[in-house]
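# turn this into a structure:
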Amino acid sequence: MKLVQYATVACALVTVAACGTDSSGTQDDQQCDADSTFEQVQQQIFEAQGCTASACHGEAANAGLDLRAEKAYANLINVEATSGDYMRVFPGEQDLSALYQKVAAKTEGFQLSALPNPISGAAMPTGNGALSENDLALLRAWIRGGAPETGIVGGSEQYASCQLAGDLAPNKIQPLPAPASDEGVQFYSGGWTVPAEGEGEVCFISYYDYSAQIPAEFTVPCGEAQGGPEQDCFVYDQVLLAQDPQSHHSIIEFYVPPRVCVGGENDGDGCDQDASVCGDGAVCALNPDHLDPMNEVWKNWQCLGGDLAGTSCTPGSDECGPRGQCATEPLTTIACINYRNAPPDLGQIAGFFGRATVRQNLATAQESSFREAFPPNVFAMVPVKGFIVWDSHAFNLTKADTTVEQWMNLTFAPSGERLYPRTQIFDADDIFGMGRIEAYSSGEACASFEVPQYGRLMTLSTHTHRFGKDFRVWYPPNEVCDEGGDPTAPNLDPCTRPDREADYVSFDYADPLYQRFNGDDILRFDSPNKEDRTFVYCSVWDNGESNPSEVRRDSMKPDAETCEFVDQFAPLANQAGLGLFTCGCVPEDRSCFGGPNQGMPCNGDDSVCGNGGVCDACPVGGGVTTEEEMFILLGSYYVETP
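Now for the predicted structure:
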């Protein structure tokens, strides 16, 4: 199998007439005429390649696509292509964009028919021409930056054929179109504010009630994990998430209240499905107070985004207007730990490791888009009404305040395709397993994950922060190791790197590889032996060893409320053995950056570093901002029990 990054989608531009010219894509010193990245794409690619010629995608609008300047944007953004399930341009994700796949196939030399979701027709442009690597990179940067119509997308300047100048614009995307009411539902987050040149992680809650609009054929009794059969759930088999590209991660879950005694002498006491502890005349049920969005355990409902941003609102209503959502006030937290506007059990520390039973995962996205289409007979379910938990981490590299918005579509699962529940992989048992890595050095850590017998792997991905450079995964068989499963306990059986070529390799933390398996490619693990079901994964973290300018620096620590939260949380976390690094580093941990004594310990004294040096370099270790590190295996599987 070819290990390429792709998304499980299918849609394409239809075949177009021959058009295209040769372009070198080299940059000169001349100032660009374009005032935005999209305008530069228009000139450097669409016009320079001859795509706007009258007989091509100009006046003739071949295949219904007009790429002339006054028409192109509206003809591309979130417009369904005519083959498969792609958009012409899906803001934030080139792999979901038929335009990109068509031109990349010509430049990179792959077959459109060989994609996991094949595209019909020929690669573009036809004829002898092809986009240069710089042209393709410019198109990719624009799409990944949210495909905005105005403003300069960060990183796109280096691929322009001229000097593209101007202030960077915050990455904002067009809203994701909602599915038809008989095909699925959409959840919308509203927008939380990320200040200029800032970074933050927040938690907030929205309430929904789709019980009256979901067709009966998609409604089933909930499973125990979703609240039990006395609750109604709907079933789905596809997730599509779109969010503003400044997002570092988005973890979206739904809340399942704990069970308590209702009535009787032990009213309100926990019962964990055992009604006998409740006494006569009582039942063991989901906490009714926690099911009511107007109960006092839910606090500070307000409009996120829209014209009424910041005003109070009624949960579940549409009174916040367009681009607004009624939600609890966003507060700075890590993984919603100790979130104060919700029941205390929602903010338990187990949520940091994906182990909180009151929070069930819907999507975990590291990029501006996430899509997972389940194989036939695989499904997942969510209550028809309840609470969505939004854990959002983003950074803003521009000089203007911005917001982060998210849209998530769930597509209903047909009645004949509900045999095997999807299970998420979120293996954070070794989340801080890299330990301490000194300035100007690198380190490696390995861990393992065991798929249950009869497991079927559907997706696989990984997560680190900016110092993570080489994440590898080896499929089974592997020696069983690292079975403790306790992030706070010493690892008495550490894993070692297998002595063979890895099956998964990802180098860019901001654009991690996603492997998706469909049909005959789905990996099957039927053996009763653990070795035959054990994955081993390793990552390298480079703290300035190969490039000293990239060393972690105290002066570069984020100016974020998250750092204040970490300062308060770290002592308690480290007493429990987590090894959590705070933002920046204390003087006694610093060494010289630059100058003749680079790397020398300096204890906060710049004079130690000599001419041109500063006492600024820091070790790196586990933490929560992009200046600290994580080590997580992600993915999904189902169990096909004979």
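# surely Gly577 is within a strand?
No. Gly577 is assigned coil when assessed by DSSP: H, G, I helix; E, B strand; the rest coil, not a strand.
# where does the stretch 401-550 of the chain have low pLDDT?
485, 488-492 (pLDDT under 70).
# what sits against the residue lying closest to Gly544 once chain neighbours are set aside?
Among residues not flanking Gly544 along the chain, Val551 sits closest, at 2.8 Å (CB to CB, 6 or more residues apart in numbering). In short, each C-beta sits where N, CA and C put it, glycine included. Neighbouring residues of Val551 by CB atoms under 8 Å, 6 or more residues apart in numbering: Ala439, Tyr440, Asn543, Gly544, Phe593, Ala617, Cys618.
# so what's the residue count around the fifth one?
Meaning Phe593. 27 (other CB atoms under 10 Å).
# what's the pLDDT at it?
At Phe593, the pLDDT value in this model is 98.
# show me the contacts for it.
The contact partners of Phe593, taken as CB under 8 Å, 6+ apart, are Pro548, Val551, Arg553, Cys609, Gly613, Val614, Cys615, Asp616, Ala617.
# return the residues in contact with the fourth one.
For Cys609, the residues meeting the contact criterion (CB under 8 Å, 6+ apart) are Cys592, Phe593, Gly594, Gly595, Pro596, Asn597, Gln598, Met600, Cys602, Cys615.
# about what we covered before: who wins for neighbours among the contacts of Val551?
The most crowded member of these is Ala617, carrying 30 neighbours; neighbours defined as other CB under 10 Å.
# and that one, how far from Met434?
Look at Ala617 and Met434: by CB to CB, to the nearest Å, they are 17 Å apart.
# hang on, isn't Lys385 packed against Asp209?
Yes. Proximity of Lys385 to Asp209 meets the contact threshold set by CB atoms under 8 Å, at 3.9 Å.
# the two: who's more crowded?
Neighbours were counted for Lys385 and for Asp209 using other CB under 10 Å; Lys385 has more, 17 against 14.
# ok, the more buried one to Asp289 distance?
16 Å.
# for the protein, list the residue farthest from the centre, please.
Distance from the C-alpha centroid of the chain, by CA atoms, centre = their mean, peaks at Asp280 (47.9 Å).
# SS state for the spatially closest residue to that residue that is not a sequence neighbour?
The shortest distance from Asp280 to any non-neighbouring residue, by CB to CB, 6+ apart, is to Gly264 (6.2 Å). Secondary structure, three-state DSSP: Gly264 is coil.
# tell me the contacts of Gly264?
By CB under 8 Å, 6+ apart, Gly264 lies in contact with Cys278, Gly279, Asp280, Gly281, Ala282.
# got a winner among the residues you listed for most neighbours?
Neighbour max across the contacts of Gly264 (other CB under 10 Å) = Cys278, 24 neighbours.
# wait, it sits on Gly270?
No. At 9.9 Å, Cys278 does not count as touching Gly270 under the criterion of CB under 8 Å.
# and for the two, which residues touch both?
With CB under 8 Å, 6+ apart as the test, Cys278 and Gly270 both reach Cys261.
# within the helices and strands, which one has the spatially closest residue to Asp554 that is not a sequence neighbour?
Among residues not flanking Asp554 along the chain, Gly584 sits closest, at 4.3 Å (CB to CB, 6+ apart). Using DSSP states H and E, Gly584 falls within no helix or strand.
# who touches Gly584 in this structure?
Here Gly584 is in contact with Asp554, Lys557, Cys563, Cys618, Glu627 (criterion: CB under 8 Å, 6+ apart).
# ok, of those residues, which one's closest to Leu523?
Looking at the contacts of Gly584 and their distance to Leu523, the nearest is Glu627, at 35.1 Å (CB to CB).
# now the strands for the stretch 51-200 of the chain?
Assigned by DSSP state E, counting those that start in this stretch, the stretch 51-200 of the chain shows strands spanning 83-84, 184-188, 192-194, 199-209.
# export the second one as CSV, just CAs?
Output for strand 184-188, consisting of C-alpha atoms alone and laid out as CSV, is shown next (Å, rounded to 0.1, in the frame of the first residue of the first chain):
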residue,chain,number,x,y,z
GLY,A,184,-28.0,14.0,8.7
VAL,A,185,-27.6,16.7,11.3
GLN,A,186,-25.1,19.5,11.8
PHE,A,187,-23.6,20.8,15.1
TYR,A,188,-22.1,24.3,15.1
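# ok, back up a step: can you put the contacts of Phe593 in CSV and add secondary structure?
Below are those laid out as CSV (three-state DSSP):
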residue, secondary structure
Pro548, helix
Val551, coil
Arg553, strand
Cys609, helix
Gly613, coil
Val614, strand
Cys615, strand
Asp616, strand
Ala617, strand
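# ok, so of those residues, who is nearest Thr37?
Among these, and counting by CB to CB, the member closest to Thr37 is Arg553, at 29.2 Å.
# picking up where we left off before, among the contacts of Cys609, which ones are in strands?
The strands, defined by DSSP state E, take in Cys592, Phe593, Cys615 from the contacts of Cys609.
# excluding covalently adjacent residues, which one is nearest to Glu417?
Spatial nearest neighbour of Glu417, excluding adjacent residues (CB to CB, 6+ apart): Asn377 at 5.1 Å.
# next one: Ala363 from Gly386, what distance?
In terms of CB to CB, Ala363 sits 16 Å off from Gly386.
# do the same with Phe218
16 Å.
# likewise for Phe38?
With CB to CB as the criterion, Phe38 and Gly386 are 39 Å apart.
# farthest pair in the contacts of Gly584?
Maximum pairwise distance among these (CB to CB): 13.6 Å, between Cys563 and Cys618.
# neighbour-wise, which of Ala363 and Gly386 wins?
Using other CB under 10 Å, the more surrounded residue of Ala363 and Gly386 is Gly386, with 23 against 20.
# any idea how far the closest residue to the more buried one other than its chain neighbours is from Val220?
Distances taken as CB to CB, 6+ apart place Phe254 nearest to Gly386, at 5.6 Å, with adjacent residues excluded. Plainly put, Phe254 is 16 Å away from Val220 if you go by CB to CB.
# before we move on, back to that, the residue nearest to Gly386 contacts Lys385, doesn't it?
No. Using CB under 8 Å, Phe254 is not in contact with Lys385, being 10.2 Å away.
# show the subsequent helix or strand relative to the one helix or strand Gln424 maps to.
Assigned by DSSP H and E, Gln424 belongs to strand 423-427. Using DSSP H and E, the helix or strand that follows strand 423-427 in sequence is strand 441-450.
# that next one: which residues count as buried?
If you call a residue buried by 16 or more other CB atoms under 10 Å, then strand 441-450 has these buried ones: Ser441, Ser442, Gly443, Ala445, Cys446, Ala447, Ser448, Phe449, Glu450.
# need these in a markdown table (columns: distance to His248).
Putting these into a markdown table (distance: CB to CB, whole Å) gives the following:
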| residue | distance to His248 |
| --- | --- |
| Ser441 | 25 |
| Ser442 | 22 |
| Gly443 | 22 |
| Ala445 | 21 |
| Cys446 | 24 |
| Ala447 | 22 |
| Ser448 | 26 |
| Phe449 | 23 |
| Glu450 | 28 |
